[in-house]
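>>> Show me how the following folds:
(one chain, ligands or ions: 2)
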Amino acid sequence: MILLQRCLFKRTIQHLYSRSPDTAKSLVSGFPAALLGGRRAAGHRSISTPPDVRERTLVAVKPDGVQRRLVGQIIQRFEQRGFKLVGLKMLQVSEDLLSQHYCELRAKPFYPSLLHYMTSGPVVVMVWEGHNVVQTSRTMVGHTNPAEAQAGTVRGDFSIHVSRNVVHASDSLEGAQREIQLWFRGKELLSWDCCDQTSTCEV
Ligand code: DAT
Ligand code: MG
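Ligands and ions are numbered 1, 2, ... in the order given. Reported below is the predicted structural model:
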């Protein structure tokens with residue numbers, strides 16, 4: 001019976017987290033560790049911290065990918081893997097936004113041609129959410145240079161040259177956070193419950 005209560009309570013809090021994290025935090029802070037599963041004292045992730053399925057990353061289909069009608073296939077790979085789409089838009093990107101996005105590359109000799117290529121047509125930019133999504137997305141996207149990218153990765157399957165490598169994915173948690181804030185306004189990102197969430201990840 002206690003186990004059932006814990007389970008129901010945990011589910012309620014998780015649901016609340018997806019809608020109102022602040023309310024959920026203040027709610028759980030008033031409950032004893034035992035009711036939350038007894039995990040706090042053992043040093044495991046407690047229910048008062050958001051579950052890591054909320055990790056998010058930025059993925060963009062670059063102008064060459066859009067021109068070659070690869071948007072659908074790229075989205076399909078992330079859906080198929082089990083990640084959740086929480087933001088999506090198509091835009092003609094400005095040089096100003098790009099220079100912030102690629103601020104670390106400004107001194108590189110290829111930077112001017114990178115800017116020219118990235119502003120040559122529309123891009124489709126999206127935010128994906130899920131367990132370990134930053135690192136897994138990088139693996140799915142493949143090596144920066146398609147010549148070295150493994151078959152089965154997006155770049156390994158759809159591209160041959162570093163200057164036209166089809167897709168972007170954030171390279172770290174900090175990078176993802178910075179890039180998501182750069183490309184999206186808060187209200188453009190949706191927190192929603194995906195019906196298969198418990199089938200793709202233990203929450
Ligand atoms: P990644 O996109 O894998 O994170 P990056 O951040 O080092 O790689 O570089 C950003 C983009 O710049 C990359 O996707 C393609 C372009 N680029 C990188 N190295 C290049 C090179 N040597 N010549 C031309 N373009 C390059
Ligand atoms: Mg990069």
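
>>> Quick check: beta-bridge partners of the residue positioned nearest the centre of the chain?
In the chain, the centroid-proximal residue (C-alpha atoms, centre = their mean) is T57; its distance is 2.4 Å. When bridges are called by DSSP bridges, T57 pairs up with W128.

>>> show me the contacts for it.
127-128, 133-134, 137, 169-170, 176, 180 (C-beta atoms under 8 Å, 6 or more residues apart in numbering). No exception for glycine: its C-beta is placed from N, CA and C like everyone else's.

>>> if we go to 7 Å?
128, 133-134, 137, 169-170, 176 (C-beta atoms under 7 Å, 6 or more residues apart in numbering).

>>> Of those residues, keep whichever come out buried.
128, 133-134, 137, 169-170, 176 (16 or more other C-beta atoms under 10 Å).

>>> Could you dump those into a markdown table and include pLDDT, secondary structure and distance to M90?
What follows is the buried ones among the contacts of T57, written out as a markdown table (pLDDT from 0 to 100; DSSP: H, G, I helix; E, B strand; the rest coil; distance: C-beta to C-beta, whole Å):
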| residue | pLDDT | secondary structure | distance to M90 |
| --- | --- | --- | --- |
| W128 | 98 | strand | 16 |
| V133 | 98 | helix | 21 |
| V134 | 98 | helix | 23 |
| S137 | 98 | helix | 19 |
| A169 | 98 | strand | 18 |
| S170 | 98 | coil | 19 |
| A176 | 98 | helix | 20 |
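
>>> Tabulate those residues in JSON lines, adding columns for distance to V66.
Compiled in JSON lines, those are given as follows (distance: C-beta to C-beta, whole Å):
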{"residue": "W128", "distance to V66": "18"}
{"residue": "V133", "distance to V66": "22"}
{"residue": "V134", "distance to V66": "23"}
{"residue": "S137", "distance to V66": "18"}
{"residue": "A169", "distance to V66": "16"}
{"residue": "S170", "distance to V66": "19"}
{"residue": "A176", "distance to V66": "22"}
